[in-house]
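Colleague: fold the following and give me the result.
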Amino acid sequence: MNSPAPEPALASRDEVLVALNELLEAERAGARVAMETARDMPPGALTTLLQDVHKDEVRWCGMLMRTIQALEGTPSSATGAFWGKAMAIPDLEQRLSFLNRGQAWVVRRLEALIPRVPDAQVRSDLALMLEAHHRNIERVDARRG
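Modeller: Here you go, the predicted structure:
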């Protein structure tokens with residue numbers, strides 16, 4: 001009989017702040033990729049989808065900054081390297097696939113972080129962010145048929 005996996009150890013405040021700033025930089029990069037990609041396209045369903053992803057990323061940047069400040073940390077002002085890597089991909093389909101891989105990276109980070117966060121409100125906010133990233137991945141995948 002296998003015993004259940006042990007609960008992950010709670011993260012320290014400093015560990016949470018490092019993880020939140022890493023996510024903030026990634027969200028900022030994703031927001032820029034979505035915005036700049038949509039800006040260069042003719043209006044249409046894909047542009048609307050990218051604008052929705054951009055709004056979501058901006059929303060999560062705001063939440064992450066507020067959370068970092070509430071934990072008495074300093075929000076990073078950096079943009080993750082993901083932005084430059086994504087914008088260097090000229091093919092739109094390949095860039096969208098790369099954007100989805102970035103969203104999946106955030107999902108994995110959140111899934112690992114959420115059980116370790118001591119604060120229930122922060123866990124709740126991160127869980128909402130996780131759900132939104134799942135939805136955005138599904139929307140980008142669904143438009144490809």
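
Colleague: which stretches of the protein form strands?
Modeller: Shown for the chain, no strands are assigned by DSSP state E.

Colleague: ranges for the helices of it?
Modeller: 13-39, 45-70, 82-87, 92-113, 120-143 (DSSP state H).

Colleague: winner for burial among those helices?
Modeller: Comparing those by mean neighbour count (mean count of other Cβ atoms under 10 Å), helix 13-39 comes out on top with a mean of 20. Placement of C-beta: from N, CA and C, glycine included.

Colleague: which strands and helices lie in contact with that one?
Modeller: helix 45-70, helix 82-87, helix 92-113 (3 or more Cβ pairs under 8 Å, 6 or more residues apart in numbering; DSSP states H and E).

Colleague: one more time with 10 Å, if that's ok
Modeller: Helices and strands touching helix 13-39, by 3 or more Cβ pairs under 10 Å, 6 or more residues apart in numbering; DSSP states H and E, are helix 45-70, helix 82-87, helix 92-113, helix 120-143.

Colleague: give me the distance from the longest one to the chain's centre.
Modeller: Average the C-alpha atoms of helix 45-70, do the same for its chain, and the two points are 8 Å apart (Cα atoms, centre = their mean, to the nearest Å).

Colleague: okay, angle between that helix and helix 92-113 too, please.
Modeller: Angle of helix 45-70 versus helix 92-113, following axes from the mean of the first three to the mean of the last three Cα atoms, to 10 degrees, is 30 degrees.

Colleague: between helix 120-143 and helix 45-70, find me the angle.
Modeller: Going by the same axes, to 10 degrees, helix 45-70 makes 170 degrees with helix 120-143.

Colleague: any idea of the angle helix 45-70 forms with helix 13-39?
Modeller: Going by the same axes, to 10 degrees, helix 45-70 makes 160 degrees with helix 13-39.

Colleague: show the average pLDDT along helix 45-70.
Modeller: Mean pLDDT, helix 45-70: 95.

Colleague: which residues are contacting stretch 97-107?
Modeller: The contact list for stretch 97-107, computed with Cβ atoms under 10 Å, 6 or more residues apart in numbering, reads 22-23, 26-27, 29-30, 33-34, 37, 50, 53, 56-57, 60, 80, 82-83, 85-89, 91, 129-141, 144.
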